[in-house]
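A.B. asks: pasting the structure only:
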């Protein structure tokens with residue numbers, strides 16, 4: 001049976017990582033075939049002591065390493081470099097899993113030699129574990145060649161994924177130059193070489209916290225993702241040839257959404273640049289109404 005290495009990056013997460021680790025220890029997969037690799041990404045509170053105590057409590061299961069703060073991409077890469085498993089599963093320090101998550105995904109990978117990555121559906125919860133009914137993000141379920149589907153929608157998240165070590169050896173690891181969006185770029189790159197598959201059950205619990213990294217700077221997120229999308233199409237021209245309208249609409253819609261965010265903040269000049277790029281990518285006048293509305297809402301919010 002293949003060993004599964006669970007990679008958990010953490011920064012100042014000592015107060016919340018316990019639930020994540022407990023969910024790994026509670027897996028129904030044989031414990032001897034699971035290792036937990038925790039990378040402390042330069043914590044500067046009491047987390048280091050908490051992590052050391054946790055590792056001492058479970059010395060056979062937990063491998064703990066510390067590094068200077070360099071971000072989640074660097075921490076995950078460090079974890080993969082020292083891991084001994086043939087399969088990698090990523091877990092954020094505040095998320096957690098259903099007990100059958102690892103066994104179900106490992107069995108699927110073992111039964112599908114052409115498949116490099118498998119994932120599951122997710123439950124979005126608050127910090128107390130209560131489901132966020134109507135949460136806008138969903139997990140699209142796609143199998144086989146998912147390049148177009150993933151280009152059109154970032155439906156994956158690291159916590160839901162299990163991947164073969166051989167994928168990393170062929171395609172490379174997370175891009176440490178990206179402060180945000182490194183997971184989207186990584187998954188798109190993997191999809192160019194491997195089929196994906198899924199388990200249509202909610203085996204991952206994704207905790208949505210106020211002020212999470214992805215909400216700190218939408219502009220940085222958007223600029224990074226747009227660069228990622230353009231680079232992906234440059235490497236996969238067949239996608240653009242076969243689905244030209246969808247490819248152009250994805251870029252156009254993303255630029256317009258970015259513009260509307262900027263308009264709501266009354267960053268009119270920046271918004272106008274993004275709007276024009278969106279229109280050039282996929283010429284339509286329909287988004288003009290939503291953009292005018294964004295400007296009006298921004299003005300009203302400022303005056304209020």
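C.D. replies: The structure has been received and is ready for your questions. These numbers come from a predicted model, not from an experiment.
A.B. asks: What's the first helix or strand after the lengthiest strand in the chain?
C.D. replies: Of all the elements of type strand in the chain, the one with the most residues (DSSP state E) is strand 195-207. Note on strand 195-207: by DSSP states H and E, the next helix or strand toward the C-terminus is helix 218-235.
A.B. asks: which secondary structure elements does the longest strand of the chain contact?
C.D. replies: strand 96-97, helix 101-111, strand 115-125 (3 or more CB pairs under 8 Å, 6 or more residues apart in numbering; DSSP states H and E). Quick note: C-beta positions are derived from backbone N, CA and C, even for glycine.
A.B. asks: Quick one: the strands in this structure, in order.
C.D. replies: Using DSSP E, the strands found in the chain span residues 4-10, 34-41, 62-67, 87-90, 96-97, 115-125, 161-164, 195-207.
A.B. asks: Who does the fifth one pair with, and is each partner parallel or antiparallel?
C.D. replies: Here strand 96-97 is paired, per DSSP bridges, with strand 195-207 (antiparallel).
A.B. asks: Over the partner strand, what's the mean pLDDT, rounded is fine.
C.D. replies: The pLDDT scores in strand 195-207 average 97.
A.B. asks: For residue 25, grab the count of nearby residues.
C.D. replies: Residue 25 is flanked by 13 other residues according to other CB atoms under 10 Å.
A.B. asks: how much space between it and residue 102?
C.D. replies: Residue 25 sits 11 Å away from residue 102, going by CB to CB, to the nearest Å.
A.B. asks: Just tell me which of the helices and strands packed on strand 195-207 ends up closest to residue 274.
C.D. replies: In terms of CB to CB, the element of these nearest to residue 274 is strand 115-125, at 28.0 Å.
A.B. asks: elements contacting that closest one?
C.D. replies: With 3+ CB pairs under 8 Å, 6+ apart as the test, strand 115-125 has helix 101-111, strand 161-164, helix 165-171, helix 182-191, strand 195-207 packed against it.
A.B. asks: and of these, who's closest to residue 84?
C.D. replies: Nearest to residue 84, of all these, is helix 165-171, at 9.6 Å by CB to CB.
A.B. asks: residues touching residue 124, list them.
C.D. replies: Shown here is residue 124, whose contacts under the criterion CB atoms under 8 Å, 6 or more residues apart in numbering are 131, 132, 135, 137, 206, 208.
A.B. asks: Reformat the helices and strands packed on strand 115-125 as a markdown table; add mean neighbour count and distance to residue 71.
C.D. replies: Formatted as a markdown table, those follow (neighbours: other CB atoms under 10 Å; distance: least, CB to CB, whole Å):
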| stretch | mean neighbour count | distance to residue 71 |
| --- | --- | --- |
| helix 101-111 | 19 | 25 |
| strand 161-164 | 23 | 18 |
| helix 165-171 | 15 | 18 |
| helix 182-191 | 22 | 8 |
| strand 195-207 | 19 | 19 |
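A.B. asks: Compare the ones you listed and give me the one nearest residue 257.
C.D. replies: Taking CB to CB as the criterion, residue 257 comes closest to helix 182-191 out of these, the separation being 15.2 Å.
A.B. asks: Need the residues that contact that closest one.
C.D. replies: If you take CB under 8 Å, 6+ apart as the criterion, helix 182-191 is touched by 71-73, 116-117, 145-147, 150-151, 154, 156-158, 161, 163, 167, 171-176, 178, 224-225, 228, 231-232.
A.B. asks: Tell me the backbone dihedrals of the residue lying closest to residue 50 once chain neighbours are set aside, please.
C.D. replies: What sits nearest to residue 50 in space, not counting adjacent residues and going by CB to CB, 6 or more residues apart in numbering, is residue 14, at 3.3 Å. Phi and psi for residue 14, reported as degrees, to the nearest 10, are phi -60, psi -30.
A.B. asks: isn't residue 14 right next to residue 53, touching?
C.D. replies: No: here residue 14 does not reach residue 53: they are 9.1 Å apart, not a contact under CB atoms under 8 Å.
A.B. asks: more crowded one of the two?
C.D. replies: Just comparing residue 14 and residue 53: by other CB under 10 Å the higher neighbour count belongs to residue 14, 21 against 10.
A.B. asks: So which residues make contact with stretch 100-110?
C.D. replies: Looking at stretch 100-110 with CB under 8 Å, 6+ apart, the contacting residues turn out to be 1-2, 4, 6, 24, 27-29, 34, 87, 89, 115, 118-120, 162, 164, 197, 199, 201, 203-204.
A.B. asks: Model confidence for the closest residue to residue 156 other than its chain neighbours, exactly?
C.D. replies: Sequence neighbours aside, residue 187 is the residue nearest to residue 156 in space, at 5.0 Å (criterion: CB to CB, 6+ apart). Predicted confidence (pLDDT) for residue 187: 98.
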